[in-house]
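A.B. asks: need a structure here:
(one chain, ligands or ions: 1)
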Amino acid sequence: MDRIRIQGGRALNGTIPISGAKNATLPLMIASLLTEETLNLDNVPRLADVTLLQHILSNHGVDIMVSGKRAGENEHTGQSMHLSAKNIVDTTAPYHLVSKMRASFWVIGPLVARMGEAKVSMPGGCAIGTRPVDFHLDVLRALGAEIEIEAGYVLAKAKRGLKGARITFPKVSVGATHTALMAASLAAGESVIENAAREPEVSDVAECLRKMGATIEGIGTSTLRVQGAKRLKSARHTVLPDRIETGTYAMAAAMAGGDVTLAGARPELLQEALDVLQKAGVTVAVTNEGIRIARNGVSLAPVTVSTQPFPGFPTDLQAQLMALMSRAKGTSKITETIFENRFMHVSELARLGAKIQLDGDTASIEGVERLKGAPVMATDLRASVSLVIAGLAAEGETMVHRVYHLDRGFERLEEKLARCGAAIERVAG
Ligand code: UD1
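C.D. replies: Alright, predicted model coming up:
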């Protein structure tokens, strides 16, 4: 299993290109199941999760082609992917595939909407809390599907198609909003989705569904109004930049010190996180190219942050902020309100010398003068990158084990950081 070796203490200077958003790419790929025509996606990141989803969709009969490089493109230009679900040959998503990636459960909406049936294994995925799928099932029931649960599988049936309905979520859920949007796009009549997630990736999927022929109003707000179409059609869509990757490298630059431009990043996708960095004393500037992050010699001020649905501070940047605050001058408080049990990075950060106390859903981080390199273990996608951030500022060598978690969501991480001067390398085997 690959590891990542970091020699801490080097500043970061240069440009980091931001890739297409993983969390938009996955549902966009899944949306291809809604039409027999081809869906063309540009700026698709090269990630293990994308490859795995290609595999899962192929299993349903989706033909997927990835275009080669064209003139003027470099290795950081995202891929173009063409997905054609002309013939869906199998409406079952088996355990051995769905258990590898939670988001693949989301095939259930499009499959039942278009084919009138789906059999999808209950998911596994990141070890961050219980993460149930009850909201997804409530959505499908509201749209007229019959749902049964049998031997770890959800069986959804709607032989005469889905029918538009009013759906009110008790809690904001990104995934269940995707399910509602995709299923409602092929349901007869109007659906109203209330307390919908407003995450930019949800809006990106809604924009794509609109191009495919659904009528969707209220994009970017918490009430979405969808007029379903009888058939959806071919479309071309460019995946938006990854705000979590952007925030992660912003925190890496803030941690290591230096001056880094995050090329292609869009500040409005992570305004709250940028505000937090500014409060911590980091220089944040919006440029023509993207976002510039600089810290030269100034010490970090502690912050108090609570994770919230968009536009609040994202849970997917919580671990990274905690790593950063482990070097602040004073005590920070970070409260996790979205997922239980999303503090697995705490004990690993402690191995590097961070002083973190947990009290229920709140972590108190007492900043320390110095962190010291050590072997650490990646536990989930975002937690693992927090260890890399800490390693950038730790004295000596940090070896991050189980980096397959990183490869799920960060494209060429070690290369992007090394180009800016970090002493970081992948050790194979
Ligand atoms: C998505 C993101 C993930 C991010 C999360 C929150 C993708 C591929 N993943 O995950 O990176 O951390 O949004 O921004 O886009 N819940 C239920 N029942 C359900 C569904 C969710 O109780 O049926 C709860 C969850 O346990 C959690 C909360 O709702 O407490 C929010 O989860 P949700 O927004 O659904 O997360 P995901 O879509 O799985």
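
A.B. asks: CA atoms for contacts and neighbours, from now on please.
C.D. replies: Fine.

A.B. asks: identify the residue nearest the residue lying farthest from the centre of the chain in space, chain neighbours excluded?
C.D. replies: Note on the chain: the largest C-alpha distance from the chain mean falls to residue 160, namely 34.2 Å (C-alpha atoms, centre = their mean). What sits nearest to residue 160 in space, not counting adjacent residues and going by C-alpha to C-alpha, 6 or more residues apart in numbering, is residue 116, at 6.9 Å.

A.B. asks: neighbours of the closest residue in space to residue 148 that isn't next to it in sequence, how many?
C.D. replies: For residue 148, ignoring the flanking residues on the chain, the nearest one in space by C-alpha to C-alpha, 6+ apart is residue 155 at 5.1 Å. Look at residue 155: counted by other C-alpha atoms under 10 Å, it has 19 neighbours.

A.B. asks: does residue 155 touch residue 116 like I think?
C.D. replies: No. Using C-alpha atoms under 8 Å, residue 155 is not in contact with residue 116; the gap is 10.8 Å.

A.B. asks: now the residue farthest from the centre of the chain: phi and psi?
C.D. replies: Backbone torsions of residue 160, given as degrees, to the nearest 10, read phi -100, psi 20.

A.B. asks: kindly report the residues of the stretch 101-250 of the chain close to the ligand.
C.D. replies: Remark: the part of the stretch 101-250 of the chain in contact with the ligand comprises 103, 131-136, 173-176, using C-alpha under 6 Å from any ligand atom.

A.B. asks: and if we set it to 8 Å?
C.D. replies: By C-alpha under 8 Å from any ligand atom, the part of the stretch 101-250 of the chain that sits against the ligand consists of 102-103, 129-137, 171-177, 197, 199, 201.

A.B. asks: sort out for me which of those are in helices.
C.D. replies: Residues of those located in helices (DSSP state H): 134-137, 174-177, 201.

A.B. asks: so where's the stretch 151-300 of the chain shaky on pLDDT?
C.D. replies: By pLDDT under 70, the stretch 151-300 of the chain has no low-scoring segment.

A.B. asks: which stretches in it count as strands?
C.D. replies: Taking DSSP state E, counting those that start in this stretch to define them, one finds strands in the stretch 151-300 of the chain at 153-157, 166-168, 190-194, 215-217, 223-227, 235-238, 258-263, 283-286, 290-295.

A.B. asks: which helices and strands does the last one pack with?
C.D. replies: In terms of contact count using 3 or more C-alpha pairs under 8 Å, 6 or more residues apart in numbering; DSSP states H and E, strand 290-295 is assigned the packing partners helix 243-256, strand 258-263, strand 283-286.

A.B. asks: using TSV, please lay out those together with distance to residue 150 and mean neighbour count.
C.D. replies: Listed next are those as TSV, based on distance: least, C-alpha to C-alpha, whole Å; neighbours: other C-alpha atoms under 10 Å:
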stretch	distance to residue 150	mean neighbour count
helix 243-256	36	27
strand 258-263	47	22
strand 283-286	52	16
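
A.B. asks: out of these, flag the one nearest residue 300.
C.D. replies: Closest of the helices and strands packed on strand 290-295 to residue 300 is helix 243-256, at 8.5 Å (criterion: C-alpha to C-alpha).

A.B. asks: count the residues that sit near residue 429.
C.D. replies: Per other C-alpha under 10 Å, the neighbour tally for residue 429 reads 6.

A.B. asks: what is the neighbour count of residue 148?
C.D. replies: 12.

A.B. asks: helix, strand or coil for it?
C.D. replies: With DSSP: H, G, I helix; E, B strand; the rest coil as the basis, residue 148 sits in strand.

A.B. asks: contact partners for it?
C.D. replies: 154-156 (C-alpha atoms under 8 Å, 6 or more residues apart in numbering).

A.B. asks: now with 10 Å, please.
C.D. replies: 119, 137, 154-157 (C-alpha atoms under 10 Å, 6 or more residues apart in numbering).

A.B. asks: now the phi/psi pair for residue 416, please.
C.D. replies: phi -60, psi -40.

A.B. asks: show me what contacts it?
C.D. replies: Neighbouring residues of residue 416 by C-alpha under 10 Å, 6+ apart: 14-18, 76, 249, 410, 422, 424.

A.B. asks: same question, residue 25
C.D. replies: Under the criterion of C-alpha under 10 Å, 6+ apart, the neighbours of residue 25 are 31, 41-45, 49-50, 53, 201, 204-205, 238-240, 242.

A.B. asks: wait, doesn't residue 230 sit right on residue 212?
C.D. replies: No. The pair residue 230 / residue 212 is not scored as a contact, 11.4 Å apart, by C-alpha atoms under 10 Å.

A.B. asks: of the two, which one has the most company?
C.D. replies: Higher neighbour count among residue 230 and residue 212: residue 212, with 24 against 13, using other C-alpha under 10 Å.

A.B. asks: are any of the ones in helices among the residues of the stretch 101-250 of the chain next to the ligand buried, and which?
C.D. replies: Among these, those scoring as buried are 135-137, 174-177, 201 (criterion: 16 or more other C-alpha atoms under 10 Å).

A.B. asks: now, the most widely separated pair of those residues?
C.D. replies: Farthest pair in those, by C-alpha to C-alpha: 137 and 201, 21.1 Å.

A.B. asks: in strands, which of the contacts of residue 416 fall?
C.D. replies: Residues of those located in strands (DSSP state E): 14-17, 424.

A.B. asks: closest to the ligand among those?
C.D. replies: Using C-alpha to the nearest ligand atom, residue 17 comes nearest to the ligand of these, at 20.5 Å.

A.B. asks: for the closest one, give its distance to residue 139.
C.D. replies: According to C-alpha to C-alpha, to the nearest Å, residue 17 stands 37 Å off from residue 139.

A.B. asks: ok, residue 58 next?
C.D. replies: 26 Å.

A.B. asks: neighbour count for these two, which is higher?
C.D. replies: residue 139 (25 against 18).

A.B. asks: residue contacts, the more buried one?
C.D. replies: By C-alpha under 10 Å, 6+ apart, the residues touching residue 139 are 109, 145, 165-169, 176-177, 179-181, 183-184, 193.

A.B. asks: coming back round to it: wait, which of the contacts of residue 148 is closest to residue 336?
C.D. replies: Taking the contacts of residue 148 together and measuring to residue 336 by C-alpha to C-alpha, the closest member is residue 137, at 25.5 Å.

A.B. asks: many thanks, I have nothing further to ask.
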